[in-house]
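Chemist: give me a 3D structure for the following:
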Amino acid sequence: MRYKIHKEGWPVIVLVFFLLLIIVVILNLISFKQTPIHFLLYLAGLVFYFFVVRFFRAPIRPVEPEENKIISGADGKVVVIEETFEPEYFRRKCKQVSVFMSPTNVHVNWFPASGQITYFRHIQGSYFIASKPKSSNENERTTIVLETSGNQELMFRQIAGTVARRIVCYAKENKTVRQGDEMGIIKFGSRFDFFLPLDADIKVKLGDKVVGCKTVIAELKPLQAKE
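Modeler: All right, here's what the predicted structure looks like:
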């Protein structure tokens, strides 16, 4: 699989590089003679820098859109599958599926379905652990409602966690998106929620590891089949 560095990561990567360089210079000004402690600190700095760069990796995953399939918008672990009342937009019961992204997961997000964005909000909030249920309604988050070509409205939500303190989202109201298009990135640990119709056929189980653009989260029933 091919990877690139996400454009949102370059400012952080460059900043961390210069901070580590400054630390190395200061360390050598204090004690120019190279000791085992110097080499241990150099190694720790290299390992830290490796993980900073790795965090912003962005895999290239081509997608052939499928109208009634909802693909995962994130890499991670399924931590919630339940019926829940959605109070922000739908104001009715939905099926909720939540994927928790640990700091080691890819943190790029993708649109799980094709359609037109009818609603978008970025809401400031708290920073509870993203795997906890209350994070969906209390943490900093973005909410995106998308209307498919089959006239079904779906909600997706990016949620910041305890460590994640910045959500980048490229969604805009009235924008038409294609399944697999990049939605944005959440920096340093977070969660991705799906709010789907009650008759959606959920294809994952609690604890499943899912892959963005690859794993099918659910299949939608065409509207005409509901009558």
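
Chemist: mind listing what the closest residue to residue 178 other than its chain neighbours touches?
Modeler: Excluding the flanking residues, the one nearest residue 178 by C-beta to C-beta, 6 or more residues apart in numbering is residue 114, at 5.1 Å. Any C-beta I mention is one placed from the backbone N, CA and C, and that applies to glycine too. Residues in contact with residue 114 (C-beta atoms under 8 Å, 6 or more residues apart in numbering) are 65, 67, 148-149, 177-179.

Chemist: residue 41 in helix, strand or coil?
Modeler: What DSSP: H, G, I helix; E, B strand; the rest coil gives for residue 41 is helix.

Chemist: for the residue nearest to it when sequence neighbours are not counted, which three-state class applies?
Modeler: Among residues not flanking residue 41 along the chain, residue 27 sits closest, at 6.5 Å (C-beta to C-beta, 6+ apart). Here residue 27 is recorded as helix under three-state DSSP.

Chemist: right, and residue 27 touches residue 40 too?
Modeler: No - if you go by C-beta atoms under 8 Å, residue 27 and residue 40 don't touch, sitting 11.1 Å apart.

Chemist: so how far is residue 4 from residue 57?
Modeler: Applying C-beta to C-beta, to the nearest Å, the value for residue 57 to residue 4 is 8 Å.

Chemist: ok, residue 172 touching residue 119?
Modeler: No - between residue 172 and residue 119 there is no contact under C-beta under 8 Å: 10.8 Å.

Chemist: which one of these two is surrounded by more residues?
Modeler: Neighbour tally, residue 172 and residue 119, criterion other C-beta atoms under 10 Å: the higher count belongs to residue 119, 16 against 10.

Chemist: thought that one was touching residue 145?
Modeler: Yes - judged on C-beta under 8 Å, residue 119 makes contact with residue 145 at a distance of 3.7 Å.

Chemist: which residues do these two both contact?
Modeler: Joint contacts of residue 119 and residue 145 (C-beta under 8 Å, 6+ apart) are residue 89.

Chemist: just list the residues touching residue 124, thanks.
Modeler: By C-beta under 8 Å, 6+ apart, residue 124 lies in contact with residue 140.

Chemist: got a pLDDT number for it?
Modeler: Looking at residue 124, its pLDDT stands at 79.
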